[in-house]
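K.L.:
Below: sequence and its predicted model.
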Amino acid sequence: MGNGRILIVDDDPDFVAVMKVILEGDHYAVAAAPDKVEGMRRIQADRPDLIIMDVMMSTWSDGFEMSRELKKDPRYEDIPILMLTGVEERTGIGFKSTAGDPEWLPVNGFLDKPVEPQVLLDEVNRLLSQKA
Amino acid sequence: MKSTDSCLRKLEMEPVPENIRLLKGAYWLAKLRWIAIVYVIVGTYVTHEILCVGLNDAALYVIAGLLVVYNITVLVLLNRLMKADQQVPCRAINKLVSAYHVIVWVLLNRFTKIDPRVSCKAVSRIINLQICTDLLLLTVLLHFSGGIENPLVFYFIFHMIIASILLSMRESYLQATFAVCLFGLLVLLEYKQFIPHYCLTGFVPQCLGREKLYVLGTFFVFTTAVYLAVYMANYIAIRLKHTEYAYRQANIMLQEKDRVKDEYVLRVTHDIKGHLATIQACLAVVAGKLSGPLGAQEADLIRRAYARSVKLADFVRALLRLTRMRLSDKSEMDVFSLRDAIRSAVGAVEAKAQEKSITLDCAVESSVDDIFGDRFSIEEMITNLLLNAVKYTPEKGTIKMSASNEEDCVLLEIADTGIGIPEKELDKIFDEFYRATNAKEVERDGTGLGLSIVRLIVERHGGRIHVESKEGFGTRFTLELPKGQRS
């Protein structure tokens, strides 16, 4: 059961709608952005407690670049990032094993799409409790 | 138990490279020469000793001896060449050609090194030299065995056929001209008495070597027969080469079409998967009643829709994986612990086995550890086989997984007490989309791709997979996994 602000950065509005239902059902305040540029703007305007992001949005590596930029910025480096993506199956590359690497993929969690609601909530709760 | 081996069923579709074809031709020629040698020795003995035909047998035995030495040397050189490099190096053949000259002039000390590279031209050259030497020795043999009186003269035609099969049209006509020149020179020298004519007394009623009309007539027939043989053999050989070329092109075209199809499937399945992921997520929310309460009927329908979307997502995922593997030869190969991969795969299916009260035994020899390969794929392969075993083994059954160390490979065995595979279907279970009839009874909507992925992974690692099964009693998969290169 959470309370906190979560930003979803994903270009699939239907998927975002589902995520909102799941997260809002668990009492999180959810905002969304369709790409990296809008995502960064929202973070600057209203700093979230957790970011859930896809990888391939307006470019093939939006999510990778955004996670690296955030973790390099002292203002946002402590915001946990959960990567929720189908990039592994699209590219055939096992990114999961690299997740957490400070240079290549500085994210705090990595889940494959589609995700079971409870698995998502557990991961979100884990990341937020770690932060706390 | 009936069994089948997937790797033995691979079709040999790859065309034989031209240089390898020619080298095989060079071997073939050497084999034929053994027959000729036996023929010369036996023929000389029978003709001289039994039929009492006047032959210079000592000279013929010497020629046979020379042929033996010459053929052994050619074979030794060809064997050394093949061992030096499977690709059969070009410069090696050049060396061989020079070595061949050396044999002819008995200077064996020049060819000690073999260098790696080969070309069709170089192999053709060696075949040309072999045929020239054979023609020369045949002419000498003919000289000592009656010259124009000996019907052996038509054995020149065999060489013309061999030349037409192995060499180019131009080269085979040149060989024909060389044969005609050699024979013409022999006949002329004997006719003009520059060299002696050994009459085949007892075989022909009178000496024919100096009968002008007979000599001219035989020479004319010989010449036309040689050129006609080359013409006809070339005609057939060219037609065969054209057919082979057409098959080769068709094969290339089919491979290209297969690649295009795979890319198409990859694109389509990926697009389907993206939409499917969202559909599945939406249904999961509704089915989990996260969006609000549902009536019993709605809940049942949504649950069914969700279950089907999960099955469809599994199928699409497997199809994507298989297609991507077919399209790419590249794998992330490295040294990894097979023991850890097995542990991880067993861990992934343990819960499912427990749900059915299945006993899952895993015995890994203590010496089994690091191998070279793609850990992700190997783990996926073992998991697929274990999941299959769990799926098709009834409650309270047993699954035994073992890994043992062999000299160059690790032997993995996964045996279950499941429903087994019908004997007549064993050959097909690794085929894409194929599902055994009794498997469909257990689970209607499997993907039929799991074992195809397993086979592809095994092949990528240069291993072998073998399956034994008895319907109603169980199935055993045996995998030979090469340890590969160590870092």
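P.N.:
Cool, the structure landed.

K.L.:
Check which helix or strand the closest residue to residue B:327 other than its chain neighbours maps to.
P.N.:
Nearest residue to residue B:327 in three dimensions, chain neighbours excluded: residue B:262, at 5.0 Å (Cβ to Cβ, 6 or more residues apart in numbering or on different chains). For glycine as for every other residue, the C-beta is placed from the backbone atoms N, C-alpha and C. Under the criterion of DSSP states H and E, residue B:262 resides in helix B:212-287.

K.L.:
which is the next helix or strand following that helix?
P.N.:
Assignment by DSSP H and E places the next element after helix B:212-287 at helix B:296-327.

K.L.:
tell me how far stretch B:478-487 is from the chain's mean position?
P.N.:
The chain centroid and the centroid of stretch B:478-487 are separated by 22 Å, computed with Cα atoms, centre = their mean, to the nearest Å.

K.L.:
Then stretch B:240-249?
P.N.:
So, by Cα atoms, centre = their mean, the centroid of stretch B:240-249 is 18 Å from its chain's centroid.

K.L.:
near chain B, which residues of chain A?
P.N.:
A:12, A:14-15, A:17-19, A:21-22, A:25, A:86, A:89-90, A:92, A:94, A:113-118 (Cβ under 8 Å from any Cβ of the partner chain).

K.L.:
Next secondary structure after the lowest-mean-pLDDT helix or strand in chain A?
P.N.:
Using mean pLDDT, DSSP states H and E, helix A:87-91 stands out as the lowest-scoring helix or strand of chain A, at a mean of 67. Using DSSP H and E, the helix or strand that follows helix A:87-91 in sequence is strand A:109-112.

K.L.:
in its sheet, what does that following strand sit against?
P.N.:
Applying DSSP bridges, strand A:109-112 is found paired with strand A:81-85 (parallel).

K.L.:
so what secondary structure elements neighbour the strand or helix carrying residue B:77?
P.N.:
Using DSSP H and E, residue B:77 maps to helix B:57-84. Where contact means 3 or more Cβ pairs under 8 Å, 6 or more residues apart in numbering or on different chains; DSSP states H and E, helix B:57-84 is packed against helix B:18-45, helix B:90-104, helix B:120-144.

K.L.:
Of all those, which one is nearest residue B:427?
P.N.:
helix B:18-45 (30.5 Å; Cβ to Cβ).

K.L.:
which helices and strands does that closest one pack with?
P.N.:
Where contact means 3+ Cβ pairs under 8 Å, 6+ apart, helix B:18-45 is packed against helix B:57-84, helix B:120-144, helix B:156-166.

K.L.:
what's the angle between the first one and helix B:18-45?
P.N.:
Put simply, helix B:57-84 runs at 160 degrees to helix B:18-45, going by axes from the mean of the first three to the mean of the last three Cα atoms, to 10 degrees.

K.L.:
since we're on residue A:76, how many residues are nearby?
P.N.:
Number of residues near residue A:76 (other Cβ atoms under 10 Å in any protein chain shown) recorded here: 17.

K.L.:
Which of the helices and strands packed on helix B:57-84 has the lowest mean pLDDT?
P.N.:
Note on those: lowest mean pLDDT is at helix B:90-104, with a mean of 48.

K.L.:
could you give the mean pLDDT of stretch B:471-485?
P.N.:
Mean per-residue pLDDT for stretch B:471-485: 88.

K.L.:
Just the C-alpha atoms of that stretch, please, in PDB.
P.N.:
Provided in PDB are the C-alpha atoms of stretch B:471-485 (Å, rounded to 0.1, in the frame of the first residue of the first chain):
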ATOM      1  CA  GLU B 471       4.500 -44.200 -24.900                       C
ATOM      2  CA  GLY B 472       2.900 -44.500 -21.500                       C
ATOM      3  CA  PHE B 473       6.200 -45.100 -19.800                       C
ATOM      4  CA  GLY B 474       8.400 -42.000 -20.200                       C
ATOM      5  CA  THR B 475      10.900 -40.100 -22.200                       C
ATOM      6  CA  ARG B 476      14.700 -39.600 -22.000                       C
ATOM      7  CA  PHE B 477      16.500 -36.700 -23.700                       C
ATOM      8  CA  THR B 478      20.300 -37.100 -23.900                       C
ATOM      9  CA  LEU B 479      22.400 -34.100 -24.800                       C
ATOM     10  CA  GLU B 480      26.100 -34.100 -25.700                       C
ATOM     11  CA  LEU B 481      27.400 -30.600 -25.000                       C
ATOM     12  CA  PRO B 482      30.900 -29.900 -26.100                       C
ATOM     13  CA  LYS B 483      33.000 -28.200 -23.500                       C
ATOM     14  CA  GLY B 484      34.400 -25.900 -26.200                       C
ATOM     15  CA  GLN B 485      37.400 -23.600 -26.000                       C
END
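
K.L.:
Sticking with the residue nearest in space to the middle of chain A, tell me its helix or strand.
P.N.:
Centroid-nearest residue in chain A: residue A:52, 1.7 Å away (criterion: Cα atoms, centre = their mean). Using DSSP H and E, the element containing residue A:52 is strand A:50-53.

K.L.:
Not counting the next helix or strand after that strand itself, show me its contacts.
P.N.:
Downstream of strand A:50-53, the next assigned helix or strand under DSSP H and E is helix A:62-72. Helix A:62-72 has contacts (Cβ atoms under 8 Å, 6 or more residues apart in numbering or on different chains) with A:9, A:35-36, A:39-40, A:43, A:51, A:53-57, A:59, A:76-77, A:79, A:81, A:83, A:85, A:87, A:102, A:105-107.

K.L.:
Would you mind listing the buried residues in helix A:62-72?
P.N.:
A:62, A:63, A:64, A:66, A:67, A:68, A:70, A:71 (16 or more other Cβ atoms under 10 Å in any protein chain shown).

K.L.:
Flag every residue of the stretch 301-450 of chain B that's near chain A.
P.N.:
B:313, B:317, B:320, B:321, B:324, B:328, B:332, B:376.

K.L.:
Which of those residues sits closest to chain A?
P.N.:
residue B:324 (4.5 Å; Cβ to the nearest Cβ).

K.L.:
Show me which residues of stretch B:214-228 are buried.
P.N.:
For stretch B:214-228, by 16+ other Cβ under 10 Å, it's B:215, B:218, B:219, B:222, B:223, B:226, B:227.

K.L.:
same deal with stretch B:181-194?
P.N.:
Across stretch B:181-194, burial judged by 16+ other Cβ under 10 Å covers B:182, B:183, B:186, B:187, B:190, B:191.

K.L.:
cool, stretch B:457-466 as well?
P.N.:
Residues of stretch B:457-466 classed as buried: B:457, B:458, B:460, B:461, B:463, B:464, B:465, B:466 (neighbour count, 16+ other Cβ under 10 Å).

K.L.:
same check, this time on stretch B:417-436
P.N.:
Neighbour counts over stretch B:417-436 (16+ other Cβ under 10 Å) mark B:417-422, B:425-426, B:429-430, B:432, B:435-436 as buried.

K.L.:
try stretch B:253-270
P.N.:
B:262, B:265, B:266, B:269, B:270.

K.L.:
cool, and stretch B:138-157?
P.N.:
Burial within stretch B:138-157, assessed by neighbour count using 16+ other Cβ under 10 Å, is assigned to B:138-150, B:152-153, B:156-157.

K.L.:
again with stretch A:100-108
P.N.:
Quick answer for stretch A:100-108 (16+ other Cβ under 10 Å): A:105, A:106, A:107, A:108.

K.L.:
from those residues, which single one is nearest chain B?
P.N.:
residue A:105 (15.9 Å).

K.L.:
if we can go back for a sec, can you tell me which of the buried residues of helix A:62-72 lies closest to residue B:58?
P.N.:
When the buried residues of helix A:62-72 are compared against residue B:58 (criterion: Cβ to Cβ), the nearest one is residue A:64, at 87.1 Å.

K.L.:
Now residue A:19. Nearest residue, chain neighbours left out?
P.N.:
Per Cβ to Cβ, 6+ apart, closest to residue A:19 is residue A:8, 5.3 Å.

K.L.:
Tell me how many other residues crowd residue 73.
P.N.:
Reading this off chain A. 12.

K.L.:
Actually, chain B is the one I wanted.
P.N.:
18.

K.L.:
Many thanks, I have nothing further to ask.
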